[in-house]
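Colleague: model the structure of this input:
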Amino acid sequence: MADQETAGLSAAELKKKRTFRKFIFRGVDLNQLLDMNNEQLMLLLHCRARRRLSRGLKRKPMALIKRLRKAKKETPELEKPQAIKTHLRDMIIVPEMIGCVVGVHQGKTFNSIEIKPEMIGHYLGEFSITYKPVK
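Modeller: Below is the predicted model of the structure:
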């Protein structure tokens with residue numbers, strides 16, 4: 001009987017230990033990142049991304065973001081949105097894209113990538129390699 005009580009306590013302790021870490025990008029909370037506009041976000045990114053965003057997002061990247069918004073809006077809660085295929089490997093990941101699934105072209109097929117908060121500021125192409133690794 002004592003074993004069951006300790007097992008119950010250990011399960012409660014395990015649940016306490018499994019609390020998720022809050023994501024912070026360069027000192028800014030995820031909720032604040034989602035509320036930022038492009039000018040404020042640019043100050044947090046590295047130089048290459050700042051330069052790219054300062055020149056404005058062109059038609060194709062804006063169309064991708066629009067399609068991602070639509071896919072995210074149409075999904076029921078607690079489900080992944082439908083994958084959106086793209087050839088835009090040079091698209092910078094912005095906070096608005098978090099939670100979306102993107103199929104990034106790698107030359108022959110599309111690699112499905114789920115956008116996570118840790119990917120902010122990186123390019124889509126960094127997560128879809130174009131070669132077969134040597135064994």
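
Colleague: break down the protein into its strands, ranges please.
Modeller: With strands called from DSSP state E, the chain shows them at 24-25, 28-29, 84-86, 101-105, 110-114.

Colleague: show me where this structure has its helices.
Modeller: 2-17, 30-35, 38-42, 47-54, 59-74 (DSSP state H).

Colleague: and those helices, which one averages the lowest pLDDT?
Modeller: With a mean of 60, helix 2-17 has the lowest mean pLDDT of these.

Colleague: check contacts around residue 113.
Modeller: By Cβ atoms under 8 Å, 6 or more residues apart in numbering, the contact list for residue 113 reads 101, 102, 103, 104, 124, 127, 128. Yep, even glycine has a C-beta here, placed from its N, CA and C like the rest.

Colleague: at 6 Å what do you get?
Modeller: Residue 113 sits next to 102, 104, 127 when contact means Cβ atoms under 6 Å, 6 or more residues apart in numbering.

Colleague: list the beta-bridge partners for it.
Modeller: When assigned by DSSP bridges, residue 113 has beta-bridge partners residue 102.

Colleague: for residue 117, give me its contacts.
Modeller: Applying Cβ under 6 Å, 6+ apart, the residues near residue 117 are 23, 30, 98.

Colleague: do you know how far it is from residue 28?
Modeller: Applying Cβ to Cβ, to the nearest Å, the value for residue 117 to residue 28 is 11 Å.
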